[in-house]
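In: got a predicted structure plus its sequence, pasted below:
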Amino acid sequence: MPPPVFVRGNGGLVAFSDQAISVFGQYVQRRARDREAGGVLLGRRVIQSNDVVIDEATEPAPDDSRARFRFFRRAEPAQKAVDRVWANSDGTVNYLGEWHSHPEDVPTPSGLDLSSWRETLVQARFEQDFLLFVIVGRTATKVWELSSDGSLVALSTR
Ligand SMILES: [Zn+2]
C-alpha cells in the first residue's frame, strides 16, 4: 500500500517519490519468513516552505544484518548513496532519515528503534534540523519526525 502524504508538526508536507514507494512495497513483510529491511531516505526540502520530498529510499545492502524482528544497517554502503545523490544534485538532495520494515500490520517503533533514532540524530551528518523515520508495516506505513531539540512526533496523514 503506497504511503499517503504526511503532515509535519509545522504544517509542512512529506511526500514520497514513486521510487521510494516502490522500494517500501518491495520489502513489506508479507510472509512469515520475510526479514526486516531498511535503508536511508534521501530527499529535498522544498524552498520557502516546510514541505519535504523523499526522492529515494535506498535498498538493503548485502552486508546489512537482517532478521525477522531486527534490522541493522551498515553505515558505509548507505553513506555512499548519500554522497552520490548529494554530488549528482549539486548539493540539493540530502540525507533525511531512515526507513525499515516491521512484521506487524500497523507499525510502532520498538524501544531499540527509539534509542537508535536518537543515536542517529546525534551521529549522522545532515543539514536540516530534523530527521524522518519511516516504518513500513504490513497494512500501513508510518512516519515519525525527530527534531534536533529531541522532540519526537508521529506524523498524521493528510
Ligand atoms: Zn523497528
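Out: Arrived safely. Computed from a predicted model, the values in this text were never measured in an experiment.
In: every contact and neighbour count from this point should use C-alpha atoms.
Out: OK.
In: and residue 35, that's in a helix?
Out: No: applying DSSP: H, G, I helix; E, B strand; the rest coil, one finds residue 35 to be coil, outside a helix.
In: quick one: contacts for it?
Out: Residues near residue 35 by CA atoms under 8 Å, 6 or more residues apart in numbering: 29, 66-70.
In: could you redo the last one with a cut-off of 10 Å?
Out: Taking CA atoms under 10 Å, 6 or more residues apart in numbering, we find residue 35 in contact with 27-29, 65-71, 101-103.
In: which ones among the residues you listed are found in helices?
Out: Cross-referencing the contacts of residue 35 against helices under DSSP state H gives no overlap.
In: so residue 5 touches residue 21, yeah?
Out: No: the pair residue 5 and residue 21 fails to qualify as a contact (CA atoms under 10 Å) at a distance of 11.3 Å.
In: sorry, back to before: mind listing which of the contacts of residue 35 are in strands?
Out: Judged by DSSP state E, the contacts of residue 35 include 65-67, 70-71, 101 as members of strands.
In: quick one: buried residues of stretch 73-92?
Out: For stretch 73-92, a neighbour-count test (16 or more other CA atoms under 10 Å) marks 73, 77-78, 81-82, 85-86 as buried.
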